[in-house]
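need coordinates for the below:
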Amino acid sequence: MADAQRFVALTLAEAAAHVALRLGAARVGDEVPEFVLAQIVNAMCERLIRVVAWADLNLLGVEQAEHVEVPQYLLARDLNWDDSYPYEAWPLVMRGMLRRVRPTRIFLSKEDLDTVFSPPERAEDRPTRGPRAETRARVEAAMWSDIESGKITQERLDKMPEKVLAERYGASRDTVRKARKSVLSVDVVSKPVSKRSKPESKLSKPGRDRLANSDKNSANDK
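Model (predicted):
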């Protein structure tokens with residue numbers, strides 16, 4: 001670890017391990033996944049992470065660059081992560097002049113890494129049944145009630161503007177959006193017809209036929 005430009009700076013290896021831990025992509029001592037390295041390099045190219053570079057100016061010795069231009073085409077494989085330096089020359093401003101020099105050592109700002117790479121939200125940190133959760137549950141229940149009663153269909157619910165839904169269910173657009181997504185993720189299955197609607201006769205088919213013929217004969221006798 002090095003101290004440069006008044007912020008805590010990490011070597012490439014330290015930065016990779018730090019980000020991997022923050023993202024939950026690896027534990028202490030584990031190999032850092034390639035996607036973590038790629039994300040760090042992308043953040044460097046987008047100027048989201050401050051970079052400190054040191055370079056050897058031949059007779060002038062090793063000095064810290066006043067300004068570092070990270071190449072836009074930089075890839076994770078272009079860096080020596082263990083020894084913390086790039087394999088190719090970079091544009092560096094040193095002694096007031098823009099020079100193309102290969103840095104002998106580079107460091108990344110820990111503060112910027114922490115800002116760019118936020119740890120995933122833990123389940124125990126998520127709100128369970130706060131006011132927003134209860135409002136969403138209420139809206140979902142109201143939507144299901146409207147669907148089951150035939151007041152609205154899932155297709156119509158899907159096409160309704162959020163503004164209309166917010167007014168209809170008395171909630172914010174964000175809440176109705178999430179509630180609708182939850183409701184539409186479930187397919188509505190038609191309810192089976194109740195057996196009470198058509199009572200079946202306990203007689204067998206031949207028995208029913210004989211009963212029908214008997215009734216017909218009785219009617220003819222009259």
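
check contacts around D112.
Contacts for D112 were tallied using Cβ atoms under 8 Å, 6 or more residues apart in numbering; they are A43, L48, I49, R50. All C-beta atoms are positioned from the backbone trio N, CA, C, and that covers glycine.

residues in contact with the third one?
For I49, the contacting residues are I40, A43, L108, S109, D112, L113, V116, by Cβ under 8 Å, 6+ apart.

could you check the pLDDT of the first one?
Reading off the confidence values, I40 has pLDDT 93.

state the distance from it to T153.
Relative to T153, I40 is positioned 48 Å away (Cβ to Cβ, to the nearest Å).

more crowded one of those two?
I40 (26 against 12; other Cβ atoms under 10 Å).

my guess is the more buried one meets S109, correct?
No. Between I40 and S109 there is no contact under Cβ atoms under 8 Å: 11.6 Å.

V68 bridge partners, please.
Beta-bridge pairing of V68 under DSSP bridges involves L92.

correct me, but it touches W90?
Yes. Contact criterion Cβ under 8 Å: V68 and W90 qualify, at 6.8 Å.

returning to that earlier point: CSV for the contacts of I49, including distance to D146 and secondary structure?
Shown next, in CSV, are the contacts of I49 (distance: Cβ to Cβ, whole Å; DSSP: H, G, I helix; E, B strand; the rest coil):
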residue, distance to D146, secondary structure
I40, 49, helix
A43, 46, helix
L108, 54, strand
S109, 53, strand
D112, 49, helix
L113, 48, helix
V116, 44, helix
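
give me the buried entries from those.
Taking 16 or more other Cβ atoms under 10 Å as the criterion, what is buried in the contacts of I49 is I40, A43, L108, S109, D112, L113, V116.

residues contacting the second one?
If I follow you right, that is A43. Contact partners of A43, counting by Cβ under 8 Å, 6+ apart, are I49, D112, L113, V116, F117.

ok, back up a step: farthest pair in the buried ones among the contacts of I49?
Across these, the longest distance by Cβ to Cβ is 11.6 Å; it joins I40 and S109.

distance check, E140 against L10.
46 Å.

name the residues contacting each of V68 and W90.
Shared contacts of V68 and W90, defined by Cβ under 8 Å, 6+ apart, are found at A53, P103.

got any ranges where the protein has weak pLDDT?
When residues are selected by pLDDT under 70, those of the chain lie in 1-5, 120-132, 187-222.

per-domain residue ranges of it.
Here the domain parsing of the chain from automatic domain parsing is 2-116, 127-184.

quick one: the shortest one to chain centroid distance?
Here the centre of mass of C-alpha atoms in domain 127-184, compared against the chain's by Cα atoms, centre = their mean, to the nearest Å, lies 22 Å away.

same deal with the longest one?
For domain 2-116, the distance between its averaged C-alpha position and the chain's averaged C-alpha position is 27 Å (Cα atoms, centre = their mean).

as TSV, the contacts of I49 with distance to A16 would be great.
Formatted as TSV, those follow (distance: Cβ to Cβ, whole Å):
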residue	distance to A16
I40	6
A43	12
L108	9
S109	14
D112	14
L113	10
V116	13
